[in-house]
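Peer 1: I would like the atomic coordinates for the input below:
(chains A and B)
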Protein chains: 2
Amino acid sequence: MKKYAILGFGVVGGGLAEVMADQKERIDAAAGQELELGYILVRHDYPDSPFRPWLTRDFSVIERDPDVAVVAEVIGGSDAAYEYSRRAILAGKSVVSSNKQLVAEHGMELAALAREHGVSYLFEASVGGGIPLLRPLCRCLAANRIDQVYGIVNGTTNYILTAMDAQGRDFASALKTAQELGYAEADPTADVEGIDACRKTAILADLAFGWNVDPARIPTTGITGVEPADLELARALGYTVKLLGRAARAEGGCCALVEPHLVPLDHILAAVNGVTNACAIRGSAVGEVVLCGPGAGAHPTASAVAGDIIDAVRHISDPVVPDLGKPGGVLVPADSLAGPWYVRAEAEPAAVLAAFPEARPVYGASRECGFITRAMTRGELDGLCDGLDVRAVWRVLA
Amino acid sequence: MKKYAILGFGVVGGGLAEVMADQKERIDAAAGQELELGYILVRHDYPDSPFRPWLTRDFSVIERDPDVAVVAEVIGGSDAAYEYSRRAILAGKSVVSSNKQLVAEHGMELAALAREHGVSYLFEASVGGGIPLLRPLCRCLAANRIDQVYGIVNGTTNYILTAMDAQGRDFASALKTAQELGYAEADPTADVEGIDACRKTAILADLAFGWNVDPARIPTTGITGVEPADLELARALGYTVKLLGRAARAEGGCCALVEPHLVPLDHILAAVNGVTNACAIRGSAVGEVVLCGPGAGAHPTASAVAGDIIDAVRHISDPVVPDLGKPGGVLVPADSLAGPWYVRAEAEPAAVLAAFPEARPVYGASRECGFITRAMTRGELDGLCDGLDVRAVWRVLA
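Peer 2: Numbering: from 1, shown residues only, chains lettered A, B, ... in the order given. Sure, this is the predicted structure:
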């Protein structure tokens, strides 16, 4: 028998307690021994909760209980979550986490501490929610040199872009619906400005390329600048618009960015709609795999955290700590990442073709046109756009 | 240092030797120790191969070498592959395999033998080729009651159906191109009749539901009966045609089948084209995840086998053997699996609507129409079709 503790009793913590109880028999079998809920760390009273007997406000009770082998940190943020994760590891307990902010900002340090203290530190749920993503990347594809990871790693923005594309709505109206449905928070900044996607992209880059990436240094553009005209012109060109987090191998480091991209309609990511997430991994042997599923939500996220609890218990004597990379890698400027671009401009065909002979501009309801360029850097693009009245520029997934 | 041996030097064996050599440093790091190629078991001479120093025709040399910790069986079939897998396990070596026929037919027995002898038996590459699929199913999703698995698990047939759909070609012509491109074998029977998909479906069912399924008992229909008219009518109805392997949880067992299905164009599987494979997993906590990628090919398959070699070496003292289920589960007749159906018939609208008031028949280039029924069993469908001149009936993915 091993005890586990849950830190936090919000959406994910509640879902985790439910999943662990609902599937107890299956989970015990997979773990190879009985797992027993020890404590749930809370900050409020929950007088009506069926989990009331397990609630505690005192972390030190968990810290001092030698039977607690695994602590699931589902608090979020990087204050209390960081402090408790550290203390749990120092107390010899494995830590599993769904907390992308903490893993992106302090994961390397916590991983080193876990290695030092002979415990596991796992965080499958921190990217892609319920999608099996980090374990496949680190274990199933361990024989690959990973060259690129990219994907739709934020459900809120994908819901909004899907609604704008399918229903011709503007950003504000689609956001309002997302908030009404509970897919966006009252303050949607972290999602719509790409901050959440940036943290997840940092974690993917850490695991894929062996260098630890500071999320604050990843150039990040959210979706507030995407207009209905972009979706209309993109579709006429054979594309849709998705917010992608991307990280690519580069000399001595990697290149990472979060930006809206035009995605070809025949690419599988174009079929990933609503709050669903998907991540593509390009490896030297495998080619490309794409993993899709629910990127958030109580039970999907709990599914991934519970999988980590099972893994941590199975590896008590041989702990597992994914390699979040070494410090000091070069973050290659994203502007030097060459690729095709989408340009929306108010311009006559002749003016477009004078600057971009390869372009096939299409015109929408307004006098603006959209076109796709050949592959080039952002610097080259800006030079060629010099004489055009440019309204929007987005990368194209190639 | 641990040695590994490769049994078989065909497409997969050659690819595996290359991947293990190309990524040696990365693979050793992931395994936590140096891995050294010990032997490659061959039946022919390869005088020009760079791997000539490692070739042997004598399995007993491998069997008797105490330094060989892992044997990768990539021979295929269930004769020599079975014999050597058994002997390797009896000699205390972990076995990893890409061989779906062997795993589907004898996996349960070999898994029991591996458990008995304290070694790992892993077969990630046997379903979905390079796609991380079985480890996510068994480990990442271990906290889920799996309710259904279904997917495109054969690349040859998906290539043919994609070509028929995109280019309006007939089966024979699309098959010919697939053969010219090396996507179909000279004798394409195992692929086009669904036999390969059936073996993979059996393995998925074994792992998902806890009962070992005899592939010979899975009702299997290939794609030779799919006509251009079906693809044309399907598209007019908002669908495409995919060969799906499906297995669903049922009372005391499961229900499994391999059949062409109409897949809604907005379903992610509809975007899986050419030789790409994809498998959807529905779990009680996670909802649905879809894993896509290359289902065959030398290096993608080697990627999965190499991942298993690494895992086996990491777990020498705590071997891993996925649970292929108990014998004796009930295989519920597929005909009792209710769902909507696609019917192609030569019939006037009035005749269709008399039998199927819910149908919205569409007419293609010929006098035949296609329509989708409400959910029902095959028995109910046949009763309602009694007076119609029916040309084709396929399941619809709902």
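
Peer 1: now the helices for the stretch 101-250 of chain A?
Peer 2: Along the stretch 101-250 of chain A, counting by DSSP state H, counting those that start in this stretch, helices occupy A:134-135, A:155-167, A:171-180, A:189-192, A:195-209, A:228-237.

Peer 1: deepest in the core, which of these is it.
Peer 2: helix A:195-209 (a mean of 27; mean count of other CB atoms under 10 Å in any protein chain shown). C-beta coordinates here come from the backbone N, C-alpha and C atoms, glycine included.

Peer 1: which residues of the stretch 101-250 of chain A lie near chain B?
Peer 2: Proximity of the stretch 101-250 of chain A to chain B is confined to A:124, A:130-132, A:135-136, A:139-145 under the rule CB under 8 Å from any CB of the partner chain.

Peer 1: as JSON lines, those with pLDDT would be great.
Peer 2: Formatted as JSON lines, those follow (pLDDT from 0 to 100):
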{"residue": "A:124", "pLDDT": "98"}
{"residue": "A:130", "pLDDT": "98"}
{"residue": "A:131", "pLDDT": "98"}
{"residue": "A:132", "pLDDT": "98"}
{"residue": "A:135", "pLDDT": "97"}
{"residue": "A:136", "pLDDT": "97"}
{"residue": "A:139", "pLDDT": "95"}
{"residue": "A:140", "pLDDT": "97"}
{"residue": "A:141", "pLDDT": "98"}
{"residue": "A:142", "pLDDT": "97"}
{"residue": "A:143", "pLDDT": "98"}
{"residue": "A:144", "pLDDT": "98"}
{"residue": "A:145", "pLDDT": "98"}
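
Peer 1: quick check: the two most widely separated of the residues you listed?
Peer 2: A:130 and A:145 (27.5 Å; CB to CB).

Peer 1: that's a helix at residue A:357, yeah?
Peer 2: No: looking at residue A:357 with DSSP: H, G, I helix; E, B strand; the rest coil, it is coil, so not inside a helix.

Peer 1: all the strands of the stretch 51-200 of chain A, residue numbers only.
Peer 2: Counting by DSSP state E, counting those that start in this stretch, one finds strands in the stretch 51-200 of chain A at the ranges A:55-56, A:68-73, A:94-97, A:121-122, A:146-152.

Peer 1: residues contacting the closest residue to residue A:143 other than its chain neighbours?
Peer 2: Distances taken as CB to CB, 6 or more residues apart in numbering or on different chains put residue B:306 closest to residue A:143, at 3.4 Å, once the chain neighbours are dropped. Contact partners of residue B:306, counting by CB atoms under 8 Å, 6 or more residues apart in numbering or on different chains, are A:142, A:143, A:285, B:16, B:19, B:20, B:23, B:27.

Peer 1: what do you get for residue A:312?
Peer 2: A:69, A:70, A:94, A:96, A:119, A:120, A:122, A:319, A:320.

Peer 1: export those to CSV and tack on neighbour count and pLDDT?
Peer 2: Converted to CSV, the contacts of residue A:312 look like this (neighbours: other CB atoms under 10 Å in any protein chain shown; pLDDT from 0 to 100):
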residue, neighbour count, pLDDT
A:69, 23, 98
A:70, 27, 98
A:94, 30, 98
A:96, 28, 98
A:119, 25, 98
A:120, 27, 98
A:122, 30, 98
A:319, 17, 96
A:320, 19, 96
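
Peer 1: for the lowest-mean-pLDDT helix or strand in chain A, packing partners?
Peer 2: When each helix and strand of chain A is scored by mean pLDDT, DSSP states H and E, strand A:330-331 comes last, with a mean of 84. Here strand A:330-331 is seen to pack against strand A:253-264 when contacts are counted using 3 or more CB pairs under 8 Å, 6 or more residues apart in numbering or on different chains; DSSP states H and E.

Peer 1: which helices and strands sit right next to whatever helix or strand comes next after the strand it packs on?
Peer 2: Downstream of strand A:253-264, the first helix or strand assigned by DSSP states H and E is strand A:276-283. Where contact means 3+ CB pairs under 8 Å, 6+ apart, strand A:276-283 is packed against strand A:146-152, helix A:155-167, strand A:287-294.

Peer 1: chain center to strand A:276-283, what's the gap?
Peer 2: 10 Å (CA atoms, centre = their mean, to the nearest Å).

Peer 1: need the contact partners of that strand.
Peer 2: By CB under 8 Å, 6+ apart, strand A:276-283 touches A:127-129, A:131, A:133, A:136-137, A:141, A:144-155, A:158, A:204, A:208, A:268-269, A:272, A:288-296, B:303.

Peer 1: just the buried ones from those?
Peer 2: A:127-129, A:131, A:133, A:136-137, A:141, A:144-146, A:148-155, A:158, A:204, A:208, A:268-269, A:272, A:288-296, B:303 (16 or more other CB atoms under 10 Å in any protein chain shown).

Peer 1: which residue lies farthest from the center of chain A?
Peer 2: residue A:350 (41.6 Å; CA atoms, centre = their mean).

Peer 1: ok, then the element right after the helix or strand hosting that one?
Peer 2: Here residue A:350, judged by DSSP H and E, is contained in helix A:349-355. Per DSSP H and E, helix A:349-355 leads on to strand A:362-363 as the next helix or strand towards the C-terminus.

Peer 1: that next one pairs with which strands?
Peer 2: strand A:368-372 (antiparallel) (DSSP bridges).

Peer 1: quick check: mean pLDDT across the next helix or strand after the strand it pairs with?
Peer 2: Note on strand A:368-372: by DSSP H and E, the next helix or strand toward the C-terminus is helix A:378-384. Helix A:378-384 carries an average pLDDT of 96.

Peer 1: which strands or helices does helix A:378-384 pack on?
Peer 2: On a contact count with 3+ CB pairs under 8 Å, 6+ apart, helix A:378-384 meets strand A:341-346.

Peer 1: buried ones in the strand it packs on, by neighbour count?
Peer 2: For strand A:341-346, by 16+ other CB under 10 Å, it's A:341, A:342, A:343, A:344, A:345.

Peer 1: among the residues you listed, which ones lie close to chain B?
Peer 2: Of the buried residues of strand A:341-346, not one also sits near chain B (CB under 8 Å from any CB).

Peer 1: any chance of TSV for the residues you listed, columns pLDDT?
Peer 2: Shown next, in TSV, are the buried residues of strand A:341-346 (pLDDT from 0 to 100):
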residue	pLDDT
A:341	98
A:342	98
A:343	98
A:344	98
A:345	97
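
Peer 1: adding distance to residue B:391, write the residues you listed out as TSV.
Peer 2: Formatted as TSV, these follow (distance: CB to CB, whole Å):
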residue	distance to residue B:391
A:341	49
A:342	45
A:343	50
A:344	48
A:345	52
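
Peer 1: what parts of the stretch 251-398 of chain A come near chain B?
Peer 2: A:266-268, A:270-273, A:283-294, A:297, A:299-300, A:302-304, A:306-307, A:309-311, A:314-315, A:317-318.
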